[in-house]
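Peer 1: Here's a sequence, model it:
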Amino acid sequence: MSSRLLAGSLATIGAGGTLAGALMESGLGAAPQDWAYAVLGVVLPALGWLLVVRRPDLRYGWLFLVAAACLGLGSLGTGLAIRFHYDGPVVVWMSALYAMYYGLTWIFVPLLFPDGRLPSRRWRPVAWIGGIAIAMHTVGFGLFVTDPARPGQLPAEPSAALIWASLASALGQLLVFLTAAVVLAGLVVRWRRSEAAERGQYAWMVAGTTVQLLAGVLLLYVLSARLWGAALLGIFAVMTPLPTAVLVGIVRHRLLDIRFGLRGSRLHLIFDVRPTVDEVLSGLSTALAATPEPVEQLGRLAAAVRDGLEARWAAVALADGTRMAAGEEEGRAALTVPVRGGLGHIELGPRRAGRYDREDRRVLEALAVPAGLAIQSAGLVARLVNAQEAERRRIERNIHDGVQQQLVALIAGLELARVAGAGPETLGRLREQARQTLADLRELAAGIHPSALSQGGLVEAVEERCSGLPVPTKVVSDPGLRARRFTDEIEGAMYFTVSEAVANALKHAAATRIEVRLTLVPGRVRATVADDGAGFTPDTTGRRGLATLADRLDALGGGLELDSEPGKGTRMHAWVPADA
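Peer 2: Model prediction:
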């Protein structure tokens, strides 16, 4: 049976049973208290049905529906007994469900307020005691009334079963009252400790529970004393406080994320005003797509989290200390979720109204995925900017310390030769100096973007780079790869990655043999550089100058892996996406 069908069935039993039971004896000419009872009996099942249908994640609506069904069946059983003067077992057990209704509304409605969950694990014994007390009262009353030794009145010498049933019912009723008093005291404590946004919700529930308990005692006295004139007041006081408390909490304090609002020109109840996970992710994707700056994306992410979960503030914090917040940070974070990979975490301040629940945490955990991507993007951009700045400074330093000084010396030599009328020997020396300067310029240009890469492609550039190395170096490429051309970004990233790996093998590994292998597999260009050098431990030593190039490959959607052990050489695997 689907949840909607079950909810509808319970609501129908509650409302229909209460109405039928109230009007069973005298029909449409019933007394005012009977009509009041019938009308008020519809409020609880209607409220429970609305909550279950529109907020199925909450248990509170089901609690209302079960209580309403017990009230409806109890009312129907009492009405049948009065109408047909029948006190058979079925009718009696139906009437006994009144005890279930009172127990649920006196104990569990305030105990599980406001989201259908216990306030803490410490309240579990109270919940168990309350459940046992309700069962004792209900079963004891049913056994007492249906005992064969009691044909309508208590015998002079009651049986042991009748005595035990009477004691169980009385003890259960007493425990229900005592447990309800304990729950009410706990509710008062939670009200006093609640935040300003929740205080109004708790205040109404405290008032409703207090009035209903006092009204229950009053109604027992009224019924036992047969003061039928005061019965209407007692019925009204018993049946209205808790539904009224919940409805006022909804209207005035947005209880259970429900509010009244205008839609067009009509007044509507608007349920579950917070967006779903899909709605939040969709809005976040649009916001991130419209914000190309990665650091600014973190701010958009924080704003989306704050708005989606109705938090007073939200912040996205990176592992390096970078922090972007939306809203004014006041107080400690009420909810924190780490971003996968240890990249950072998302923090939420207190909610504008109410408390966070499991659905809120599920939304936040779903947002942690795009948060991780945004943090990765921001970190990658920062590393690339730093790498570009470091490369610019390296080129500037090389020009200043190398070629620039050579050009200054060459100009000075030419000026001196002009003044002194230098001979062939001096001119020849200056010519060699000019040739060396030109060679240094070419080498410097090759470090920026080699001409072989622009003219001949990746394989030719790598072969030229490895041709003059002081150790035997073998370059192997797939057939047909030499004639293939790729974008400048792909060819540049692969060339400089291979070049840096070869330089590391010469400088740090003391390699005597190097092999470079270039391959084209479906969807990827791969490069592998292997040497027989000293090797190292990648986890402790790092990537030996390859970190910047790894970021470059990552920005293209590729990656870099190192496989090395001390004494066993090193193998570097790099790849980038490319059409095969």
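Peer 1: Glu198: how many residues sit nearby?
Peer 2: 21 (other CB atoms under 10 Å). C-beta here means a position set from N, CA and C on the backbone, and glycine is covered the same way.
Peer 1: Leu111 too?
Peer 2: So Leu111, with other CB under 10 Å, has 24 neighbours.
Peer 1: now swap in Gly423 and tell me
Peer 2: Quick note: Gly423 (other CB under 10 Å) scores 9 neighbours.
Peer 1: Use 600 as the first number for this chain going forward.
Peer 2: Taking 600 as the first residue, the last one we looked at is Gly1022.
Peer 1: Look up how far Glu1031 lies from it.
Peer 2: 15 Å (CB to CB, to the nearest Å).
Peer 1: next one: Ala780
Peer 2: 106 Å.
Peer 1: can you list the domains in this structure?
Peer 2: According to automatic domain parsing, the chain is divided into the following domains: 688-780, 876-975, 984-1045, 1056-1176.
Peer 1: and the first one, how far apart are its ends?
Peer 2: Across its full length, domain 688-780 reaches 32 Å between end residues, using CA to CA, to the nearest Å.
Peer 1: and if you look at the longest one?
Peer 2: Length of domain 1056-1176, first residue to last, CA to CA: 17 Å.
Peer 1: In this structure Leu664 contacts Val651, no?
Peer 2: Yes: counting by CB atoms under 8 Å, Leu664 touches Val651, with 6.4 Å between them.
Peer 1: Common neighbours of those two, please.
Peer 2: Jointly contacting Leu664 and Val651 under the rule CB atoms under 8 Å, 6 or more residues apart in numbering are Ala606.
Peer 1: Helices along the stretch 600-749 of the chain, start to end?
Peer 2: 602-622, 631-639, 642-653, 659-683, 688-702, 708-710, 723-745 (DSSP state H, counting those that start in this stretch).
Peer 1: Could you tell me the least trusted of the ones you listed?
Peer 2: For the helices of the stretch 600-749 of the chain, mean pLDDT drops lowest on helix 631-639, to a mean of 74.
Peer 1: which helices and strands sit right next to that helix?
Peer 2: Counting contacts by 3 or more CB pairs under 8 Å, 6 or more residues apart in numbering; DSSP states H and E, helix 631-639 packs against helix 602-622, helix 830-838.
Peer 1: what does stretch 1113-1125 rub up against?
Peer 2: Here stretch 1113-1125 has contacts from 1057-1058, 1061, 1065, 1068, 1070-1077, 1079-1080, 1083, 1085, 1089, 1093, 1097, 1101, 1104, 1126-1130, 1157, 1172-1179, using CB under 8 Å, 6+ apart.
Peer 1: now the strands for the stretch 1000-1149 of the chain?
Peer 2: Under the criterion DSSP state E, counting those that start in this stretch, the stretch 1000-1149 of the chain carries strands at the ranges 1072-1076, 1113-1120, 1123-1130.
Peer 1: strands paired with the second one, and their directions?
Peer 2: On the basis of DSSP bridges, the sheet neighbours of strand 1113-1120 come out as strand 1072-1076 (parallel), strand 1123-1130 (antiparallel).
Peer 1: From Pro1176, how far out is Met735?
Peer 2: 70 Å.
Peer 1: So if I had to pick from those two, which one is more boxed in?
Peer 2: For Met735 versus Pro1176, the count of surrounding residues by other CB under 10 Å is larger for Met735: 22 against 11.
Peer 1: and the residue lying closest to that one once chain neighbours are set aside, what is it in contact with?
Peer 2: For Met735, ignoring the flanking residues on the chain, the nearest one in space by CB to CB, 6 or more residues apart in numbering is Gly771 at 3.0 Å. For Gly771, the contact set (CB under 8 Å, 6+ apart) comprises 698, 731-739.
Peer 1: Can you say which of the domains of the chain is nearest to Tyr801?
Peer 2: Taking CB to CB, domain 688-780 is the member of the domains of the chain nearest to Tyr801, at 7.7 Å.
Peer 1: thinking again about what came up before, of the strands paired with strand 1113-1120, which stretch is the most buried?
Peer 2: Counting by mean count of other CB atoms under 10 Å, strand 1123-1130 has the highest mean neighbour count of the strands paired with strand 1113-1120, with a mean of 21.
Peer 1: Go through stretch 769-777 and flag the buried ones.
Peer 2: Neighbour counts over stretch 769-777 (16 or more other CB atoms under 10 Å) mark 771-772, 774-776 as buried.
Peer 1: So for it, mean pLDDT?
Peer 2: Here the average pLDDT along stretch 769-777 is 89.
Peer 1: For burial, what's the neighbour tally of the residue nearest to Tyr701 when sequence neighbours are not counted?
Peer 2: In this structure, Tyr701 finds its nearest non-sequential neighbour in Gly815, 6.4 Å apart by CB to CB, 6+ apart. Gly815 has 19 neighbours, counted by other CB under 10 Å.
Peer 1: what's the strand or helix carrying Gly815 packed up against?
Peer 2: Here Gly815 sits within helix 795-823, counting by DSSP states H and E. Here helix 795-823 touches helix 708-710, helix 759-792, helix 830-838, helix 840-852, going by 3+ CB pairs under 8 Å, 6+ apart.
Peer 1: Return the set of buried residues in it.
Peer 2: Here helix 795-823 shows 796-797, 799-805, 807-808, 810-812, 814-815, 817-818, 821 as buried, counting by 16+ other CB under 10 Å.
Peer 1: That one vs helix 759-792, what angle?
Peer 2: Here helix 795-823 runs at an angle of 150 degrees relative to helix 759-792 (axes from the mean of the first three to the mean of the last three CA atoms, to 10 degrees).
Peer 1: Quick check: which of the helices of the stretch 600-749 of the chain has the most neighbours on average?
Peer 2: Across the helices of the stretch 600-749 of the chain, averaging neighbours per residue (mean count of other CB under 10 Å) puts helix 708-710 on top, at a mean of 25.
Peer 1: and that one, what does it pack onto?
Peer 2: So helix 708-710, by 3+ CB pairs under 8 Å, 6+ apart, packs with helix 659-683, helix 723-745, helix 759-792, helix 795-823.
Peer 1: in the third one, what counts as buried?
Peer 2: Burial within helix 759-792, assessed by neighbour count using 16+ other CB under 10 Å, is assigned to 761, 764-765, 767-768, 771-772, 774-776, 778-779, 782-783, 785-787, 789-790.
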